[in-house]
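Q: sequence below, structure please.
(chains A, B, C and D)
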Number of protein chains: 2
Amino acid sequence: MGIKDVAREAGVSVGTVSNVINRPDTVARATRERVQEVVRHLGYVRSESARQLRAGASRIVGLLVLDMGNPFFVDVARGAERAARAAGLGVMVCNSASSPDEEAEYLSMFVEQRVRGVLVTPADPTGRDLDLLRRHGIPYVVVDAIVDDTEDGGGSCSVSVDDVAGGEMAVAHLLAQGHRSIAFVSGVGHGRPQIRDRWKGACRAVALAGLAPETVREILPDVAASIGADAVARLLDLPDRPTAVFCANDMLALGVLQALFAAGIKVPEEIALVGYDDIQFAAAAAVPLTSVRQPAAEMGRIAAEMLVRESAADHDVEGHAHRHVVLQPELVARASSSLRVAP
Amino acid sequence: MGIKDVAREAGVSVGTVSNVINRPDTVARATRERVQEVVRHLGYVRSESARQLRAGASRIVGLLVLDMGNPFFVDVARGAERAARAAGLGVMVCNSASSPDEEAEYLSMFVEQRVRGVLVTPADPTGRDLDLLRRHGIPYVVVDAIVDDTEDGGGSCSVSVDDVAGGEMAVAHLLAQGHRSIAFVSGVGHGRPQIRDRWKGACRAVALAGLAPETVREILPDVAASIGADAVARLLDLPDRPTAVFCANDMLALGVLQALFAAGIKVPEEIALVGYDDIQFAAAAAVPLTSVRQPAAEMGRIAAEMLVRESAADHDVEGHAHRHVVLQPELVARASSSLRVAP
DNA sequence: ATCTCCGGATGAAACATTTCAATGTGACTG
DNA sequence: CAGTCACATTGAAATGTTTCATCCGGAGAT
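A: Model (predicted):
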């Protein structure tokens, strides 16, 4: 059951069958219809493996995210998937679980598969893992991060969101509500640029308001334990107890919200809460969560489109200039940070 | 940069290089080490396409789910992925979005890829789409459903959860709380067997309690509109307003919860609420949600393991007997259905 | 000294496509 | 009528592996 069987059955050469499938307009109508009939009759489906062996690259792109359990990345995947399919490409979604080892493993699997390209949110902040792709000439687009890799001649496109602006608008919002002691909670991967930028934005908001830097303090919960509970425990231990908490993402914020509830602390009356990502569940939380919305699906879409363009252009060697698209986040105010009564 | 280059550089034949990679113990130590060194030096990575062209099947399994946005399926995917990787297989997760058309499209893509097998939650309740796989001899396991396909000689393994039992325990729980008028809300895909079974279970609980069948009524919100809001509108229109709502899944329940909140109706005081799936966010909802937990990750794991076994056994033609594993759900009681004060 | 065996290495076939130069066939032009 | 051109079709090469029958050289047995 190969192209040869179809050819024999239809009384034509394999080349003609191939043409019927890939360039139907170049073959005479009578022949075309006869071949198509045989294809249908035999239930022939071409073999991608043979096809891509010849072509040198497959028709799928790899997508490597940090956490499939986080709806933010699910949205990114959805956007990417839709755009890729519009270009006739399939998407293989993989989950590095923020581990550089798993990341390396998946990337080398992508190389084995000779994928058309890769969309990746790097787990390894050095971006060293990506060298593998570059060495094999596989184009990639960095999603939700900017990797500074211009020095080694490579470089890449990227799509990200302005996390400094996001952090700033979250804290500016809290300051506007009258809060003067704010905690910034960063959980797993607190060292990642995205999180660092949100922290920077938080500090900038404080500085712009002309307040003391200590107005916002960082809390680093133990990632081994239940993160939300540990964060709240540390929070309550703080000398000058904060009246507001800004969490590095919504998953974290939901955990903190639960822990605050368990501790009998009222949100937003006693402590205001702001998250990040505006995942679908933020609005349905125990107290609807104020959050900084990131255009996740759009990020996925743009990344996939850039990849398609780059992979199409990669034949004229330096015909492709890497671009860095930076999108803007948006504050969505809900009950968890509502205007509190002045003390 | 193929196996040939490695062979030339190391001064051996391609067969030997292949042996070094796939059966290192059959080649003399000196040769082996020399070849390995060259591989490292040249950065050689074997081509999966060529490999699978020869082998006839790839090393990836397809996973087709109904809704990537639903954390339930994300958990299934996680379980499947882990088990597949333990067997050296990759997983390609795709989202049929409950559309038979998309399902058919993805399945034929799987056939093109000559995947090793497929894990699928069918969007087409007739299971007709699966014929394609059977025709091409691709093993598949049905996840979260049982397809009755024994008549056409094919058949398949399946892993599912006893939805009748789940529906029954949800409603029995509400009856035990004293509720005597219950609404069952089923949203998108209300016609699917899973949902029908939950409804059957609900009816059975009522019958077992010796109550009138009208004790539980079904509500079918308009899927085009905002489902939660529409469900609540219909609910309030009901002649004898129910005091409890059982939703076919948690996504739906969260929507209903939001709509109830918007309508100023207190949960659980005025209306009790029970969901299904016990997704991670159920516990963090506005009112922590009572739900029926399904062992999602385990289902994925078992399904993948069955597939691996079947695909290994498919050489001895009828050496494989299809099995149907049915797991048991579990009720997780939370605030949304807490004991209400007698009227 | 000859035979047998065995660990190691080899070379070619097979896998299912795509692509491309070459070929054949009429039809139209000069 | 010869020449040219466009259109359809063909046949074979090329893609990078794996597998398997074969071969080689040396060690042990007779």
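Q: gap between residue A:245 and DNA strand D?
A: Per CB to the nearest atom of the strand, to the nearest Å, residue A:245 is found 53 Å from DNA strand D. Just so you know, the C-beta spots here come from the backbone N, C-alpha and C atoms, and that holds for glycine as well.
Q: correction: residue A:182
A: 55 Å.
Q: the residue lying closest to residue A:72 once chain neighbours are set aside: what's it in contact with?
A: Distances taken as CB to CB, 6 or more residues apart in numbering or on different chains place residue A:277 nearest to residue A:72, at 4.5 Å, with adjacent residues excluded. Listed by CB atoms under 8 Å, 6 or more residues apart in numbering or on different chains, the contact partners of residue A:277 are A:70, A:71, A:72, A:249, A:250, A:251, A:291, A:292, A:293, A:294, A:296.
Q: how much space separates residue A:277 from residue A:251?
A: According to CB to CB, to the nearest Å, residue A:277 and residue A:251 sit 8 Å apart.
Q: what do those two both touch?
A: In contact with both residue A:277 and residue A:251: residue A:70, using CB under 8 Å, 6+ apart.
Q: tell me the phi and psi of the residue nearest to residue A:72?
A: When read as degrees, to the nearest 10, the backbone of residue A:277 gives phi 120, psi -30.
Q: now the one 10 residues further on
A: Taking degrees, to the nearest 10, you get phi -120, psi 120 for the backbone angles of residue A:287.
Q: next, count neighbours for it.
A: 19 (other CB atoms under 10 Å in any protein chain shown).
Q: for the residue of chain A at minimum distance from DNA strand D, what are phi and psi?
A: Residue nearest to DNA strand D within chain A: residue A:15 (2.7 Å; CB to the nearest atom of the strand). Note on residue A:15: backbone dihedrals following degrees, to the nearest 10 are phi -60, psi -40.
Q: could you do residue A:185 as well?
A: phi -100, psi 120.
Q: that one is in contact with residue A:219, isn't it?
A: Yes: contact criterion CB atoms under 8 Å: residue A:185 and residue A:219 qualify, at 4.9 Å.
Q: which neighbours do these two share?
A: Taking CB under 8 Å, 6+ apart as the contact rule, residue A:185 and residue A:219 both touch A:231, A:235.
Q: more neighbours, the two?
A: Using other CB under 10 Å as the criterion, residue A:185 and residue A:219 rank with residue A:185 on top: 27 against 22.
Q: tell me who's in contact with the residue nearest to residue A:163 when sequence neighbours are not counted.
A: Leaving aside its sequence neighbours, residue A:163 sits nearest to residue A:197 (CB to CB, 6+ apart; 3.5 Å). Taking CB under 8 Å, 6+ apart as the criterion, residue A:197 is in contact with A:162, A:163, A:164, A:166, A:167.
Q: what's the neighbour count on the second one?
A: As a burial measure, the neighbour count of residue A:163 was computed by other CB under 10 Å and equals 26.
Q: swap in the third one?
A: Applying the criterion other CB under 10 Å, we find 19 residues in the vicinity of residue A:164.
Q: picking up where we left off before, ok, of the contacts of residue A:277, which come out buried?
A: Buried members of the contacts of residue A:277, counted by 16 or more other CB atoms under 10 Å in any protein chain shown: A:70, A:71, A:72, A:249, A:250, A:251, A:291, A:292, A:293, A:294, A:296.
Q: which ones among these lie within strands?
A: A:291, A:292, A:293 (DSSP state E).
Q: please dump those residues into a markdown table; it should also carry pLDDT for every row.
A: Shown next, in a markdown table, are those (pLDDT from 0 to 100):
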| residue | pLDDT |
| --- | --- |
| A:291 | 98 |
| A:292 | 98 |
| A:293 | 98 |
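Q: out of the residues you listed, which is nearest to residue A:117?
A: Distance to residue A:117 across these (CB to CB) is lowest for residue A:293, with 27.5 Å.
Q: quick check: next helix or strand after the longest helix seen in chain A?
A: Counting residues, the longest helix found in chain A (DSSP state H) is helix A:296-313. Downstream of helix A:296-313, the first helix or strand assigned by DSSP states H and E is strand A:324-327.
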